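Peer 1: How does the following fold in three dimensions:
(3 chains)
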Amino acid sequence: MSGGAGTPVSEQAGLPREGEHGALSAGKAVSFSPKALARFEKLLTRYPTKQAALLPTLWIAQEELGWISREAVDYVASLLGLSPAFVWGVTTFYTMYNRAPVGKHLIQFCTSISCHLAGAEEVFAECRKRLGDLKPGETTADGRFTVIEVECLAQCDKAPAVMVNDDDCAIITKENLEQFLGGLK
Amino acid sequence: MSAMWPAGYEPVLLARVSRPDSRSIDGYLADGGYASWKKVLAGIATGEWTPAKVTEMVKASALRGRGGAGFPCGLKWTFVPPKEKRGNKPVYLLCNADESEPGTFKDRVFIEKDPHQILEGMMLASFALGVKHAYLYIRGEMVHGAEILNAAVDEAYQKGLLGKNVLGSGIDLDITIHRGAGAYIGGEEPALTESLEEKRGHPRVKPPFPAVSGVWAAPTIVNNVETLCCVKHIVDRGADWFKGYGRNEKNTGPKLFCISGHVERPGVYEAPMGIPFMELLALAGGVKGGRKLKAVIPGGSSAPMLTAAEVANMPLDFDGVAAAKSMLGSAAIIVMDETADIPKAVTNISKFYAHESCGQCTPCREGTPWLNKMLKRLVNGQGKRQDIDLLLQISGQMGNGMTICVFADAAIAPVISGITKFRAEFEAYLAKAASPDFALSAPSDVTKKVAERMAEGIHC
Amino acid sequence: MVKVTVDGTAVEVPDNANALEACRAAGVDVPHFCYHPRFSIVGQCRMCMVEIDGAPKVQASCTVPVRGGMVIRASSEKALAARNATMEFLLINHPLDCPICDQAGECQLQDNAVAGGLPVSRTSEPRRQFPGYDRTDIGPHVIADMTRCIQCTRCIRFCNEIAGTGELTFIERGGHTMVWTHEGHQLDNEWSACAADVCPVGALTTKEFRFRKRVWWLKKTASVCPGCEIGCNISIEHREQVVHRFLPRVNLGVNDFWMCDHGRFLAESLNGRDFLKPVVPDDFLKASEPDGRGRRETNWGEALGLVHEKLTAAKPAAVLAIGSANLSTEENWLLAELFGKTVGTPNVEFDADQGPLRRIRNPKAIGADGGFLKGTVAAPNARGAEAAGVRKASGESALGRLLTGSLVPDVLYVADAAFSARTADPAFVAKLRKAKFLVVHARTRSALTDVADVVLPVSGLTGKDGSFLNVQGRVQRFDVAFVPPPIVKTDLEVLLHLGQRFGVFETRWTTADVFGKLAATVPAYGGLAWDAPAVVGLPPSVSPAASYDVLRPPRTSVDDTDKLPAAAGKA
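Peer 2: Coordinates of the predicted model:
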């Protein structure tokens, strides 16, 4: 079982292509706003090395841009004196850095064990169905919703637990799903 | 937030969480908060308080780490190399609030309802360890938790409880809240230190242990949120008071239990260490709908599953759960009633581990998805006769030193315990399978051997 | 040094060795993938599992520092079971494409599977695929195929710790973990193909060697890189008179385990031959050729006779001999002896190009600067030529005067038609052509051979042996890869035959004989023997992974972190 769906070398232009795991280009250069830069400068005072501020700096980038684009990785790398590859490696290790633009409401369904016991998978499937047969990670055509599956949100007492963007939502069941989605403007 | 305790029990850790202004520093000060911190700082000049004294108190209290491993906290603190050996290197305290073990949600209560309790614990531990800069690593998902903690830290600076020369004591202390970005492995000590640095959260080879060479190659003590809260209360009220809680000398103190799954009132409960499982279950309203209890995961998803019979007389403390061949871990108790489908539950847990494996070590990187693929196939009606034994065999080759950290051991525990204790349920899936007899090789008698070793308390 | 026991054999190893190195020292071959003697220890492939007395669990031997009296059981039942387990995990997703994989035959995974793997596969799950990340260029020389990757991170650590450029990283995690660059960046450091060298499987391969030859057909010849004055030790890998690739040959004092891409991909330039017979002017053809340079092929007797005749007739001061930094010291010495002493001209000179800076990581080598050995002359033997008595050309020297037109030599003898890149420049060649009689040694046709009176066909590097003197002043020998066609001579033979006509050399002299004369007369060669280990270097069969013994950076501990090298991944 060798190979795969990759394009043979002879058909390529030399550079790796954009793929599932490669950083997407936003098509424009990135730089922080003065406010973000001020936050970044303040961050640097909290760590003994500049590089250690990578995770929080990526958070600033995500807050500024909504997601981590190829250019954002290059920019953050240059800010911190790290290689772009290193920054990209860190970005992909952690699940919360968005590697593509997401909808206005990023709905994160926990399906870990406690939520599983409360039927989270069915609610997740039902939610995707109602939003037009979305696949996990897809965004609705109107750009309002992105639905993803995540691991334990540390809200096992409110299973099935859901996070919408930064907010915790408790006990989302098939019964109150309609009301829940309706509440997301 | 449901936060409760047994009738007649005076809560310690959760005492403040239901107060209306539990988050603010004014509320905390009004309740006598930071008294220990001020007391200790004031006692430096008189020689009444020394770092060694605090460490001794924690050692005497027999406080065991609340994060999962249950390692004696005071003993861990003594692993920091003395000044002569470490030279000019600073010591770091890293408070582990990367609560991500499925079933665990106790630290969230402290973070969201009583952040100053954590900070005071960190301050006292920093004093004991000679730390000048302490970090709190909070889960990326707890966005609001991080905001609350940051606000609390700002308040503490404003009141002069942090910063340079705190309250004129000559002690300098900074606290920084560091937010993760979504990785369970980050809870593993060395991986957490990597993640606090700029790196991918890969566990690293030990030795050196973090206490000798952790973040930025400096000695680093990693303590769980609840552990540090306990430190605060130990300094408040003394080691003897702390030891008054618990069944024996080795399992002491008040303890938080997270109970979830098929119970009437899931939530965080505070009780003395060693409370019998059945008592706690009753406190949580019993099994949902009055149904029969089938299985319990007593310490987060990586603890081996126990049957109803095994938990019937089990006290909930480190040694009590260990005696039942499982572990108290983070005291995240997941209850499964008679309607629970064990193979599906095990499949779900194996998905978690396949998703969270960092990918460094071969057995874990390759083994966790393999287990998950096989289990998924089994519960989807595509099982093969040899699968069940193969699952045990593969699990047997993943743990027990085969990997750098214990993640693989955590990943195989639910598989091994689920199959050995509920094998009939797995075989029932085989009976429904499309073509179970298409086998590449004959099944072996490994199950028996695995069961024997489990009985000895060894993961294969 | 500490004493340890491996499978019952007592062995003494350096204090900073690990258990894996101790096993190797005891002659016990413990398979491994992520360990490399020059990289930091990560202990993540879990292949080198052994039992150590006193430790309850099996241990990855590379992660265990040795202690005096340590007892290592590398072949116990438990150790072998652990290694088999890792092998099984590595193979469940690895493609079974050895027949079309370039690494086959020199693949550590293949070797270890054959040596100790399970005879059957127990998996029936579909194998992992990386669509879009297989058979893809990740740089000018390297092709990556992530389906074959075993995530050992050697390539990542090479880029971080040896190259210091950090182009590669792990991306994703768990079973999806793979090695890649950041989108829009390439693996394009000066030594990028070394990342493919250290890859234990066929995940990284070089574009230039891809699908050229099954490696078991290749013959290996110890040689020295012709790319610059560093003189990296190389193995010329060839088959049926065709060079297919260069690989670095371990030399702890020079190139360590590495070589640069520039040198490595000179391999192809050794192939090809345009001259099989000497060429001399022909009076009859001259009359019919418009440029008046009619020539014909002839035998060596006539060609060398003609050269001898012209040299004897010329005024000594009007003879100019040009040696070369590409020729061995032996050849340059013969040239200097013949022309300087016998013909009697003061004009024996060489000229070498200043090239781009070439660097090789070797912090411990004598003459290394900032962790790198550096070379600026784009030829391997400028120091040797000078040591042999061939003077470096300058503006005032004979070659300089020829170029300005103030000297018109009776005879210009060019012992290497490619002594400088400028020989491809028609204007430069036109100036050399001002000489009344032009003789060149050549393997391939060039602007210079096109205008020469006499072309003497020579073998090139693959057909001869000799020695170079590198930038550190180290004498390094290269061997004959394959014997050239019978009528082609080596440069050394040509000079010996010519010298015999003057009655000063004997044609039966071998390169070793000439080396002996050098050792007696040239200070840089003083006291050296042709067969001395320091001159010969390690045989090409010594695989880079086999040199375990020394120089691995010490493990980090609380005491030595101040001395740590630059942290991994920093640009």
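Peer 1: Next SSE downstream of the helix ranked longest in chain C?
Peer 2: Longest helix in chain C, counting residues (DSSP state H): helix C:77-93. Using DSSP states H and E, the next helix or strand after helix C:77-93 towards the C-terminus is helix C:108-116.
Peer 1: just to revisit the earlier point, buried residues in the longest helix of chain C, which are they?
Peer 2: C:79, C:82, C:83, C:85, C:86, C:87, C:88, C:89, C:90, C:91, C:92, C:93 (16 or more other C-beta atoms under 10 Å in any protein chain shown). No exception for glycine: its C-beta is placed from N, CA and C like everyone else's.
Peer 1: For chain A, tell me whether that helix is touching it.
Peer 2: No: Helix C:77-93 stays clear of chain A (C-beta under 8 Å from any C-beta of the partner chain), getting no nearer than 9.2 Å.
Peer 1: okay, now the closest residue to residue C:29 other than its chain neighbours: neighbour count?
Peer 2: Residue nearest to residue C:29 in three dimensions, not counting chain neighbours: residue C:23, with 7.6 Å by C-beta to C-beta, 6 or more residues apart in numbering or on different chains. Using other C-beta atoms under 10 Å in any protein chain shown, residue C:23 is surrounded by 28 other residues.
Peer 1: How confident was the prediction at residue C:23?
Peer 2: We have a pLDDT of 90 for residue C:23.
Peer 1: name the element the residue most central in space within chain A belongs to?
Peer 2: With distances taken as C-alpha atoms, centre = their mean, chain A has residue A:98 as the residue nearest its mean C-alpha position (2.5 Å). Using DSSP H and E, residue A:98 falls within no helix or strand.
Peer 1: so how far is residue B:302 from it?
Peer 2: Using C-beta to C-beta, to the nearest Å, one gets 28 Å for the distance from residue A:98 to residue B:302.
Peer 1: Residue C:447 now?
Peer 2: Where residue B:302 is concerned, residue C:447 sits at a distance of 74 Å (C-beta to C-beta).
Peer 1: Between the two, tell me which one has more neighbours.
Peer 2: Counted by other C-beta under 10 Å, residue C:447 and residue B:302 do not tie: residue B:302 has more neighbours, with 27 against 18.
Peer 1: quick one: contacts for the closest residue to the more buried one other than its chain neighbours?
Peer 2: Of all residues not flanking residue B:302 in the chain, residue B:410 sits nearest, at 3.0 Å (C-beta to C-beta, 6+ apart). Shown in contact with residue B:410 (C-beta atoms under 8 Å, 6 or more residues apart in numbering or on different chains): B:301, B:302, B:353.
Peer 1: what are the ranges of the helices in chain A?
Peer 2: Remark: helices assigned in chain A by DSSP H are A:34-44, A:54-65, A:70-80, A:84-93, A:113-117, A:120-130, A:177-182.
Peer 1: Nearest to residue C:259, out of those helices?
Peer 2: Nearest to residue C:259 among the helices of chain A is helix A:84-93 (23.0 Å), distances taken as C-beta to C-beta.
Peer 1: which residues are contacting the closest one?
Peer 2: Residues outside helix A:84-93 that contact it (C-beta under 8 Å, 6+ apart) are A:21, A:23, A:54-55, A:58, A:68, A:73-74, A:76-77, A:80, A:97, A:99, B:183, B:198-201, B:358, C:166-173, C:180-185, C:569-571.
Peer 1: Could you do stretch B:75-87 as well?
Peer 2: With contacts defined as C-beta under 8 Å, 6+ apart, stretch B:75-87 is touched by B:55, B:58-59, B:65, B:91, B:125, B:128-130, B:209, B:211-212, B:218-219, B:221, B:223, C:558-559.
Peer 1: what about stretch C:168-177, near chain A?
Peer 2: Yes: counting by C-beta under 8 Å from any C-beta, chain A is contacted by stretch C:168-177 at C:168, C:169, C:170, C:171, C:172, C:173, C:176.
Peer 1: The fifth one: neighbouring residues, count only.
Peer 2: A total of 16 residues lie near residue C:172 under the criterion other C-beta under 10 Å.
Peer 1: Same check on the first one?
Peer 2: Other residues near residue C:168 come to 33 when the count uses other C-beta under 10 Å.
Peer 1: Can you verify my assumption that it contacts residue C:155?
Peer 2: Yes: if you go by C-beta atoms under 8 Å, residue C:168 and residue C:155 touch, sitting 5.5 Å apart.
Peer 1: Need the residues touching each of those two.
Peer 2: Both residue C:168 and residue C:155 are contacted by C:179, C:195, under the criterion C-beta under 8 Å, 6+ apart.
Peer 1: residue at max distance from the center of chain C?
Peer 2: Computed with C-alpha atoms, centre = their mean, the maximum C-alpha offset from the centroid of chain C is found at residue C:287, amounting to 47.3 Å.
Peer 1: Could you list the domains of the chain?
Peer 2: Unless you meant another one, I'm taking chain A. Taking automatic domain parsing as the reference, chain A has its domains at A:28-93, A:105-182.
Peer 1: I was after chain C.
Peer 2: Split by automatic domain parsing, chain C gives C:2-93, C:124-211, C:279-544.
Peer 1: quick one: is the shortest one near chain B?
Peer 2: Yes: residues of domain C:124-211 contacting chain B under C-beta under 8 Å from any C-beta: C:124, C:125, C:128, C:150, C:151, C:170, C:172, C:173, C:174, C:175, C:176, C:177.
Peer 1: Contact partners for residue 123?
Peer 2: Going with chain A. For residue A:123, the contacting residues are A:109, A:160, A:172, A:173, A:174, A:177, by C-beta under 8 Å, 6+ apart.
Peer 1: that's the wrong chain, I wanted chain C
Peer 2: Shown in contact with residue C:123 (C-beta under 8 Å, 6+ apart): B:370, C:92.
Peer 1: ranges for the strands of the stretch 1-150 of chain C?
Peer 2: Secondary structure of the stretch 1-150 of chain C (DSSP state E, counting those that start in this stretch): strands at C:2-6, C:9-13, C:49-52, C:59-60, C:71-73, C:136-137, C:142-144.
Peer 1: May I see the ones you listed organised as TSV, with mean neighbour count added?
Peer 2: Formatted as TSV, the strands of the stretch 1-150 of chain C follow (neighbours: other C-beta atoms under 10 Å in any protein chain shown):
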stretch	mean neighbour count
strand C:2-6	19
strand C:9-13	16
strand C:49-52	25
strand C:59-60	26
strand C:71-73	20
strand C:136-137	20
strand C:142-144	26
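Peer 1: now residue 26, nearest residue through space, not along the chain?
Peer 2: Defaulting to chain A. Using C-beta to C-beta, 6+ apart, the closest residue to residue A:26 is residue A:69 (3.7 Å).
Peer 1: I was thinking of chain C, sorry if that wasn't clear
Peer 2: Nearest non-adjacent residue to residue C:26 (C-beta to C-beta, 6+ apart): residue C:6, at 3.8 Å.
Peer 1: how far away is the one you found from chain A?
Peer 2: Residue C:6 sits 37 Å away from chain A, going by C-beta to the nearest C-beta, to the nearest Å.
Peer 1: Could you pull up the contacting residues of that residue?
Peer 2: Taking C-beta under 8 Å, 6+ apart, we find residue C:6 in contact with C:22, C:23, C:25, C:26, C:28, C:72, C:74.
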